[in-house]
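**Q** Give the three-dimensional model of this entry:
(one chain, ligands or ions: 1)
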Amino acid sequence: MKPRYTHPKVLSFEFYPPKTEEGAANLKVVHEKLARLNPGFFSVTFGAGGSTREKTFDTVVEIQAKGIAAAPHLSCVASTKDNIRTILTDYQSKGISKIVALRGDLPSGMLSAGEFRYANELVEFIRKETGDTFEIHVAAYPEVHPQALNADVDFVNFKRKVDAGANAAITQYFYNAEAYFYFRDRCEQNGIDVPIVPGIMPITQYSQLFRFSEMCGADIPRWLRKRLECLGDDRASIQAFGLDVVTELCQKLLEQDAPGLHFYTMNQSGPTLAILENLKFWPQP
Ligand code: FAD
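**A** Numbering: from 1, shown residues only. Purely as a prediction, here's the structure:
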């Protein structure tokens, strides 16, 4: 069968740094399975306030050594310029050329915001310190960042990151495709021409998704929430239903010219692979 979606639609897969040996062994297998799809890069999250600094670094270096680019997430809240400079130098020395630049959230109990207030300041700092060494990806919020004053102010703040030198954006996950299309149109109308890559969260169970979505301001549409509530603890039914819903979402996004898909894998390959299999998203030969 002819592949439906190939290059230039770029895939990327997000991991968090494993905390245990068992987690590390699992991630190796997950990475191997997803690497077969020849993604543009794997990204690795950075714990609030730098709590996973070493583990993020080690995971990124290990992935990069296996041949496909790895992009560390780097959040600047509660950090100093010296700290960020050291991290950038360490990554440069390992040949890392992509980075996901974020503000992050101040961990509870931590009072000092450090030397950076917002992600645009981090992007500016990375450009000033390292020139064009890094391809910089930033976060975008089609459904509006939860702390934003309003959608217009949030959009202006997003534009600051692009103006500071970001090369691409990855969105918070969403289940309303229209929110993405509206956001992308707004970018085009405002001269923002970097790729806005939709962030995709597979649905595998309800309570964790609900909790996450409350925290990060992602909307679970009423029809979807009600349906998931009905399925209760029936994991197999939730997974089958979630697969249909997210496949359809991705299909719509790709058919209407999304530049690629970024999967929040939660260090699992199954749900992501099932969606890509449904989409007939095959790797380049
Ligand atoms: P910013 O772009 O700085 O925006 C934060 C808020 O401040 C927004 O409300 C914005 O409107 C406002 N704002 C921005 N700039 C200004 C300005 N100059 N003046 C006034 N207001 C401003 N978190 C982690 O801890 N680790 C991760 O690895 C991680 N990875 C992520 C990956 C992706 C793709 C996404 C979408 C999110 C990720 N997050 C991660 C979550 C992220 O850290 C939070 O959403 C955080 O609250 C905002 O980070 P940001 O970079 O979007 O911040």
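**Q** going forward, measure contacts between C-alpha atoms and count neighbours the same way
**A** Will do.
**Q** Quick one: name whatever helix or strand follows the host helix or strand of Val246.
**A** Using DSSP states H and E, Val246 sits in helix 235-255. Downstream of helix 235-255, the first helix or strand assigned by DSSP H and E is strand 260-264.
**Q** Show me which residues of this protein sit near the ligand.
**A** 45-48, 73, 102-105, 118-119, 139-140, 145, 147-148, 154, 157-158, 170-172 (C-alpha under 6 Å from any ligand atom).
**Q** thinking Leu253 is in contact with Asn176, fair?
**A** No: using C-alpha atoms under 8 Å, Leu253 is not in contact with Asn176; the gap is 10.3 Å.
**Q** so what's Ala218 up against?
**A** The contact partners of Ala218, taken as C-alpha atoms under 8 Å, 6 or more residues apart in numbering, are 143, 172-174.
**Q** Any quick ChimeraX command for the buried ones out of the residues you listed?
**A** Buried members of the contacts of Ala218, defined by 16 or more other C-alpha atoms under 10 Å, are picked up in ChimeraX with:
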select :143,172,173,174
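**Q** from the contacts of Ala218, which two are the most distant?
**A** Using C-alpha to C-alpha, the pair of the contacts of Ala218 lying farthest apart is Glu143 and Tyr173, separated by 9.0 Å.
**Q** So Val100: helix, strand or coil?
**A** Of the three states, Val100 takes strand according to DSSP: H, G, I helix; E, B strand; the rest coil.
**Q** whoops, Ser12 was the one
**A** Quick answer, by three-state DSSP: Ser12 is strand.
**Q** What's the separation between it and Ala168?
**A** As for Ser12, its distance to Ala168 is 12 Å (criterion: C-alpha to C-alpha, to the nearest Å).
**Q** dump the residue contacts of the residue lying closest to Ala179 once chain neighbours are set aside.
**A** Closest residue to Ala179 apart from its sequence neighbours, by C-alpha to C-alpha, 6 or more residues apart in numbering: Pro142 at 5.4 Å. Residues in contact with Pro142 (C-alpha under 8 Å, 6+ apart) are 171-172, 174, 179-180, 182-183.
**Q** Which of the three states applies to Pro142?
**A** coil.
**Q** Now do the strands in this protein.
**A** Ranges of strands within the chain are 10-15, 41-44, 70-75, 98-102, 135-140, 168-173, 196-200, 260-264, based on DSSP state E.
**Q** which of the ones you listed is buried the deepest?
**A** The highest mean neighbour count among these, using mean count of other C-alpha atoms under 10 Å, belongs to strand 70-75: a mean of 27.
**Q** I'd like to know which elements it is packed against.
**A** Using 3 or more C-alpha pairs under 8 Å, 6 or more residues apart in numbering; DSSP states H and E as the contact criterion, the elements in contact with strand 70-75 are strand 41-44, helix 53-65, strand 98-102.
**Q** Check the offset of the last one from the chain's centre.
**A** Right, strand 98-102. Counting by C-alpha atoms, centre = their mean, to the nearest Å, strand 98-102 is centred 10 Å from the centre of its parent chain.
**Q** what are the phi and psi angles of Ser269?
**A** The phi/psi pair for Ser269 (degrees, to the nearest 10) reads phi -100, psi -30.
**Q** what's around it, how many residues?
**A** Ser269 has 18 neighbours, counted by other C-alpha atoms under 10 Å.
**Q** picking that back up, please convert the helices and strands packed on strand 70-75 to CSV, extending it with mean pLDDT.
**A** Putting these into CSV (pLDDT from 0 to 100) gives the following:
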stretch, mean pLDDT
strand 41-44, 98
helix 53-65, 97
strand 98-102, 98
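**Q** May I see those organised as a markdown table, with distance to Pro8 added?
**A** Compiled in a markdown table, those are given as follows (distance: least, C-alpha to C-alpha, whole Å):
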| stretch | distance to Pro8 |
| --- | --- |
| strand 41-44 | 14 |
| helix 53-65 | 21 |
| strand 98-102 | 18 |
